[in-house]
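Colleague: model the following, please.
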Amino acid sequence: QVQLVESGGGLVQAGGSLRLSCTASGSIFRFNAAGWYRQAPGKQRELVASTTSGGSTNYADSVKGRFTMFKDNTKNTVYLQINSLKPEDTAVYYCNGVDARLGPYWGQGTQVTVAS
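Modeller: Sure thing, here's the model as predicted:
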């Protein structure tokens with residue numbers, strides 16, 4: 001059974017940093033593509049960063065220069081490094097991973113709260 005397990009969220013002061021992790025359990029799953037989404041209270045879920053099967057990475061305009069997404073294939077984990085956090089970054093962050101054969105899976109979400 002495949003599960004994506006996220007970690008790394010928490011409460012941080014504005015200007016601080018966090019690194020979110022998303023690890024795939026189940027030896028058969030491999031991140032062919034992945035995305036980090038976030039959902040703030042009362043708002044729709046939005047895509048903030050994604051990697052394609054070709055290896056390119058894209059970011060939402062609101063996070064460019066502050067967020068970095070990268071992958072460690074040896075650990076079957078994708079990361080989201082978040083710097084210069086702002087109160088408006090407060091949200092539940094979700095990982096979406098796509099295996100070429102198994103399709104997409106979602107993580108359970110991790111809360112990021114930024115205090116001003």
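Colleague: just want the most central residue of the protein.
Modeller: Centre of the chain computed as the mean C-alpha position; nearest residue by C-alpha atoms, centre = their mean is Trp36, 3.3 Å away.
Colleague: what helices or strands is the helix or strand encompassing it leaning on?
Modeller: Take DSSP states H and E as the rule and Trp36 turns out to sit in strand 33-39. Helices and strands touching strand 33-39, by 3 or more C-beta pairs under 8 Å, 6 or more residues apart in numbering; DSSP states H and E, are strand 18-25, strand 46-51, strand 67-72, strand 77-82, strand 91-99. Any C-beta I mention is one placed from the backbone N, CA and C, and that applies to glycine too.
Colleague: if we go to 6 Å?
Modeller: Applying 3 or more C-beta pairs under 6 Å, 6 or more residues apart in numbering; DSSP states H and E, one finds that strand 33-39 makes contact with strand 46-51, strand 91-99.
Colleague: which of the ones you listed sits most buried?
Modeller: strand 91-99 (a mean of 22; mean count of other C-beta atoms under 10 Å).
Colleague: show me what contacts Val114?
Modeller: Val114 is in contact with Val12, Ala14, Leu85, Pro87, Asp89, Thr90, counting by C-beta atoms under 6 Å, 6 or more residues apart in numbering.
Colleague: go ahead and confirm the residue nearest to the centre of the chain touches Val48.
Modeller: Yes: Trp36 is within contact range of Val48, at 5.3 Å (criterion: C-beta atoms under 6 Å).
Colleague: count the residues that sit near the residue nearest to Asn76 when sequence neighbours are not counted.
Modeller: Leaving aside its sequence neighbours, Asn76 sits nearest to Ala24 (C-beta to C-beta, 6 or more residues apart in numbering; 4.7 Å). Other residues near Ala24 come to 24 when the count uses other C-beta atoms under 10 Å.
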